[in-house]
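Sequence and predicted structure, then a few things I'm wondering about:
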Amino acid sequence: MSVIKPRFFPYGTKIHGNKLTKNSPTETMPAPSKVYISVSQHIGAPAIPVVNIGDKVKKGTLIAEASGAISANVYSSVSGTVSDICDIVNGLNQKQKHIVIENDFSDEQAFLPPLADFEPQTLVDRIRLAGIVGLGGAGFPTAAKLTPKTQLDTLIINGAECEPYLTCDYRLMMERTQEIYKGIKYVARALKVSKIIIGIELNKPLAIKEFSEFSDLDVVALKKQYPMGSEKHLIYVCTGRKVPTGKMPFDVGCCVQNIKTVLAAYNAIENNIPLTEAYITVSGRGVKKPKNLKVAIGTPFPDLIDYCGGKSENADKIVAGGPMMGKALVNLTQYVRKTDSGLLCLNKNETSSDAPTNCINCGLCARKCPMRLMPMYIESFALAGNFKEAERYGAMNCVECGLCAYNCPARRALVQSISMAKAKIKEMKNGK
Amino acid sequence: MENNLIYSSSPHIKTTRTTRRIMIDVCIALLPATVMGVVYFGLYALALVALAVAFAVAGEYIYLLIMKKPFKEITREFDFSSVVSGMLIGLTIGTNYPVYAPIFGSLFAVIVVKMLFGGTGKNVVNPAIAGRVFMFISFQWAVGAWLLPAIGSVYGETVATSATAVVDVSKGTVPALSVIDMLLGTGMQGCIGETCKLALLAGGIYLAARKVINIIFPLIYIAVAGLTTTVIGGFVFAFFFPAILSGGLIIGAIFMATDYTTTPNTLCGNMIYFIALGILTAVLRYATNMETVSFAILLMNLTVPLIDKFILNKPFGYKKPQKQKEAK
């Protein structure tokens, strides 16, 4: 319909975008000779492999089945032979079962059965069947998100992409506008909502222009202010509703979906293709030719880096995801998952490795915290092992956006301590 | 595969602002006042400031060396906060102080007030304020008469020689100096760095522009102190500007009260802190005219943990837990 100004939100920080790949179109990277597909690429129970070693699979064949309501199917991303099913400790130090498939380069595609109708329930079932999860990074199974207990009234599409460096969502919004639009309509239909808002950051004026052409979408031009892509904050600036602490977006009648998620939904519904590809930005000044890529899930990270010209000598840190919330890799035995949206090779000048010093109580972390927490107290309680007090100070509300540690002049690892506190508090609660 | 990757928790990018950068900014902001102090009071003033800084830094090194920290490591982690303390100690004494005053003042401030409590960020009160009060109490007997700056009054009455530098509301006297003279510090007795208010304000504007301090808070402090003095003096508005521009109020408000470590962490807490500080300063000034700003800040510093304990931010989306109504 029109471009709407977002609601004023006084916290958060403007961070230099560093969008190196803003103008490079999405390239399709040829599938590698071997893919390693994890069965646990989502939040919830790992999927159970349904193929055996030696089985022939096509691109789009179900290889692991969801094991419960909060789980997701996994499909083969290449055609070939299953050569191994084994546990691999990946670059994030997580032990996960991977299905290894040898590519025969015949590129045969297996399709899902065509849909009988476009009733909401059918659409939700298709999204569940296609193994679609929240592709913004969390990996929460989308079908579970589309079946809330109460009727929602607003669908919000997250096109903020507030993380520096990452541009794959932006490129998709420009290149696949029609498909994304149709995907949004399908998701809205599945949710039975008519009000659709798409939030796009102001540093993507072309994408805002593309989407403002559609008469049944409201485009909210978000300020360039990290973390506008955070679910709770996106809901607030778009609708003025505050998600109460400890509650979920559906409690305020909203559902937030990522650009890539709706594109995957479109592919599953219109083209009957399950989720086998990931869009990923390979960037950072430690890689020779930064690119936006469409890759087969399960592609090893070294292949991605090689495809982008290799990494330069001084690339010290490899990050899966964006620089604010992404995770640094211990080594490169990491394979593309559904939820991956970035692979950054950062050099020494880009990352900071200063040793932490004493907190000088400047209060900047509290002033910048989008959740209005007081990270310095939570940190000191966490380091002292007093997790009860850390919880009283709201540790569980932390969205781990990283702004506190980003702004900290004393270079304290605030996020690390807070997420440790969160894990301990969860443990305490489960123990009871 | 390669194992030379750096592994750390997110975020992987950080601002360029560090503790050291902030402290260097404060040093830069203090430079105009230092220069004006030397212009007004001569090389003896420079010697006092230099001694204060040198011994503040030496104090930190000596303490850390005794604590068996390697020299190289101390230098690498040196964050310039002791330079700031030293400068403030040098600037808040007059040229009537003996030469050993800043030496003991700095050593006391850095070693006893800062390092013994755990170094930068762990001190309970502002080291510079504590050092100043220490010198005030310890060296009273050695302090001579206040000296006048080299440049005399440039505007208005020239009877400045006998003027008191501080408004004495209880006696109803106002310094016989024009506002412009008070702003420039010409013809006015005072400490080395406190005399030229214009230089201090320039430093304050620099700090605000560099986003080191929020200029609102010193302004609140100064305004509240001025207004309270006016009210105590029986709504005599003539007290307002002299109250603001005399004594150590401006250097205290801009450089000492805004010290991160000894101010509350929340916006609301800061409001309370600075308003209370303004009132306390004015009331203390009514009772006495000795080191009121220092004592006011020192006292309020001690209330900061209390303010921080009770005034907290509410998390985004926080709702007061509703009291459950009892079923009838």
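Nice, I can see it.

Can you give me the domain boundaries for chain A?
Per the record, chain A has its domains at A:1-28+A:109-351, A:364-431, by automatic domain parsing.

ditto for chain B
If you go by automatic domain parsing, chain B breaks into B:19-142, B:160-309.

where does the spatially most central residue of chain B sit relative to B:Ile89, distance-wise?
Centroid-nearest residue in chain B, with CA atoms, centre = their mean: B:Met256, separated by 1.6 Å. According to CB to CB, to the nearest Å, B:Met256 stands 11 Å off from B:Ile89. In this view, the C-beta of every residue, glycine as well, is placed from N, C-alpha and C.

what touches both of those two?
B:Ala128 (CB atoms under 8 Å, 6 or more residues apart in numbering or on different chains).

Can you tell me the SS state at the residue in the stretch 101-250 of chain B positioned nearest to chain A?
Nearest residue of the stretch 101-250 of chain B to chain A, counting by CB to the nearest CB: B:Gly121, 3.9 Å away. B:Gly121 falls in the coil class when you classify it by DSSP: H, G, I helix; E, B strand; the rest coil.

all helices in the stretch 201-328 of chain B, in order from the N-terminus.
B:216-232, B:240-245, B:249-251, B:267-287, B:292-310 (DSSP state H, counting those that start in this stretch).

okay, these, which one's buried deepest?
helix B:249-251 (a mean of 27; mean count of other CB atoms under 10 Å in any protein chain shown).

Report how many residues lie close to A:Ala69.
Counted with other CB atoms under 10 Å in any protein chain shown, residues neighbouring A:Ala69 total 12.

meant to ask about B:Glu73
10.

On the pLDDT front, check it for me.
Looking at B:Glu73, its pLDDT reads 88.

what about it, which SS state?
Quick answer, by three-state DSSP: B:Glu73 is helix.

From B:Gly59, how far out is it?
For B:Glu73 relative to B:Gly59 (CB to CB), the value is 17 Å.

Check whether A:Leu344 sits in a helix, strand or coil.
Classified using three-state DSSP, A:Leu344 is strand.

Run through the bridge partners of it.
Beta-bridge pairing for A:Leu344 (DSSP bridges): A:Ser283, A:Val319.

pretty sure it is touching A:Val319, no?
Yes. Here A:Leu344 reaches A:Val319: they are 4.3 Å apart, a contact under CB atoms under 8 Å.

Please list all residues in contact with A:Lys145.
Counting by CB under 8 Å, 6+ apart, A:Lys145 touches A:134, A:250, A:255, A:257.

The residue most central in space within chain A sits in which helix or strand?
Nearest residue to the geometric centre of chain A (CA atoms, centre = their mean): A:Gly137, 1.7 Å. When elements are assigned from DSSP states H and E, A:Gly137 belongs to no helix and no strand.

just A:Ala390 next, same as before
With DSSP H and E as the criterion, A:Ala390 is inside helix A:387-392.

Surely A:Thr351 is within a strand?
No. Read with three-state DSSP, A:Thr351 is coil and lies in no strand.

re the thing from before, and the contacts of A:Lys145, which two are furthest apart?
A:Gly134 and A:Phe250 (13.6 Å; CB to CB).

more crowded one of these two?
Each of A:Gly134 and A:Phe250 has its neighbours counted (other CB under 10 Å); A:Gly134 has more, 23 against 18.

Excluding chain neighbours, give the residue nearest to that one in space.
A:Phe140 (4.5 Å; CB to CB, 6 or more residues apart in numbering or on different chains).

Sweet, I'm off.
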